[in-house]
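Undergrad: Sequence first, predicted coordinates after that:
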Amino acid sequence: MKFRLLIVDDEKNIREGLAASLEMDGYEVVTAHDGVEGWRRFEKGDIDLVITDLRMPGMSGDELQGKLGAEAPGLPVIILTGHGTIENAVKAMRNGAYDFLTKPVNLDHLSMLVKRALANHELSLKHKNLLDELARNNLFKTMIGSSAAMQHVFDTISRAAPSKASILITGESGVGKELAADALHELSPRKGKPFVKIHCAAIPESLIESELFGHEKGAFTGAVSRRRGRFELAHEGTLFLDEVGEIDQNIQIKLLRVLQERKFERVGGEETIETDVRIIAATNKDLKAETEKGAFREDLYFRLNVINIQVPPLRERKDDLPLLINVFLREFSRENGKHIDGFEEKTRAVLYGYEWPGNVRELRNCIESAVVMAKGNIITEADLPPSIRTRSDKEWIRIPLGTTMDESEQIIIKDTMSFLKGNKSKTAEVLGIGRKTLHRKLNELL
């Protein structure tokens, strides 16, 4: 990697001399004659280290250093100063500058300082990436489940992650599609590279092109400087397109081109940029059906759907409920400083009987609410969110004490049939009996 340095000094001979010396060390160097021009050059991007004089007309070096520190924390800034302004240079260091040098500059010392500053900066970035990685946790801590359905998901992720193939993650809202994307990146050879996410449904249609591909200064109203898009930021890493089904068809065409040619241009730009990005997309829509309706390009669908991972809804893996509930209970008890031992049996039955239309996200929110609202160390039904209690009441069959077995069977059949709006096939499936058996028992009730 070739580092790019910015030298800011109002004395032409000094800045050109420093630039020539550092270029001989193998760096790419750009220069600016004052703080204002230096800031403008920084805004164009791709600056790894700044060397700036303190005293300059217009924006001074310490003002420039302050703006750089606010915009790019951790960017190494080396201050140049005359003997009379050493105190100001020390002050700049307290405000975040890496080091300072007095004029005339010792070029050998500058070379050593630049090399050390860049090495420390790289080490700092690697450390931050490691902390971010640890914070995200690994696959088996974030995607919780021991059911057969989830074991199939884990197996697919493990086999697909090392490949370069595009992956489409499908499933209802709240099932954990983003966690699956996290796992795919962390188990891939690109693990140490950028993992860039974009929620396509959350970005206005007018801005999605700029977000994906970047833009040049002046490309549209408000484009005051060049900006790199998500494809550029994710170079050599992974780009996660969440809710990809929401992308406009005009953008779908441009997205297809990037997937086919690995090239794109920024909005308002003519430079063709090559990119090496692994694409993971997710959607809660049936994209195959969307292609049949003409709402989503079929060629793009096939490009994205090289490998499909279907994350099942919670109602189809209720075997995982006890594990999920206990994990969330521990998490939120610790977070809220409470000692919660568990649930009343009736409360646990409500949680197991509920269908969870909002999936794992809804379950997580429910347990957090219950922990916060709990008055004692046992969570009761009254501690659950009202929406869970109300809906669960409708999904229970109540059989009074003293009811005979035959009467109980009649109540179960009638209430199940009513709940399923008269659907006999579904009723037979839920009750675990054949349709002929159900018809016979219904005839007996008449």
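TA: Great, that's in hand.

Undergrad: To what extent is the residue nearest to Lys177 when sequence neighbours are not counted buried, counted in neighbours?
TA: Excluding the flanking residues, the one nearest Lys177 by Cβ to Cβ, 6 or more residues apart in numbering is Ala282, at 4.1 Å. Every residue, glycine included, has its C-beta placed from N, CA and C. Ala282 has 26 neighbours, counted by other Cβ atoms under 10 Å.

Undergrad: List the residues that contact Ala282.
TA: By Cβ atoms under 8 Å, 6 or more residues apart in numbering, the contact list for Ala282 reads 168-171, 177-178, 180-181, 240-244.

Undergrad: ranking these by neighbours, who comes first?
TA: Ile169 (28 neighbours).

Undergrad: quick one, helices of the stretch 201-350 of the chain?
TA: Using DSSP state H, counting those that start in this stretch, the helices assigned to the stretch 201-350 of the chain run over residues 208-213, 230-233, 249-261, 287-293, 298-304, 321-335, 345-353.

Undergrad: ok so, going back, would you quantify the distance from the residue nearest to Lys177 to Gly294?
TA: Per Cβ to Cβ, to the nearest Å, Ala282 is found 22 Å from Gly294.

Undergrad: Kindly report the same for Pro162.
TA: Distance from Pro162 to Gly294, by Cβ to Cβ: 36 Å.

Undergrad: For the two, indicate the residue with more neighbours.
TA: Counted by other Cβ under 10 Å, Pro162 and Gly294 do not tie: Pro162 has more neighbours, with 12 against 9.

Undergrad: if I read this right, that one contacts Pro189, doesn't it?
TA: Yes. At 6.4 Å, Pro162 and Pro189 qualify as touching, with contact defined as Cβ atoms under 8 Å.

Undergrad: one step back: using JSON lines, lay out the helices of the stretch 201-350 of the chain together with distance to Lys375 and mean pLDDT.
TA: Converted to JSON lines, those look like this (distance: least, Cβ to Cβ, whole Å; pLDDT from 0 to 100):
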{"stretch": "helix 208-213", "distance to Lys375": "46", "mean pLDDT": "91"}
{"stretch": "helix 230-233", "distance to Lys375": "47", "mean pLDDT": "94"}
{"stretch": "helix 249-261", "distance to Lys375": "51", "mean pLDDT": "92"}
{"stretch": "helix 287-293", "distance to Lys375": "47", "mean pLDDT": "93"}
{"stretch": "helix 298-304", "distance to Lys375": "49", "mean pLDDT": "95"}
{"stretch": "helix 321-335", "distance to Lys375": "14", "mean pLDDT": "90"}
{"stretch": "helix 345-353", "distance to Lys375": "13", "mean pLDDT": "82"}
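
Undergrad: so which of those helices comes closest to Asp46?
TA: Nearest to Asp46 among the helices of the stretch 201-350 of the chain is helix 230-233 (10.3 Å), distances taken as Cβ to Cβ.

Undergrad: Show me what the closest one is in contact with.
TA: Against helix 230-233 from outside (Cβ under 8 Å, 6+ apart): 194, 196, 198, 211-214, 239, 258, 264, 273, 275, 277.
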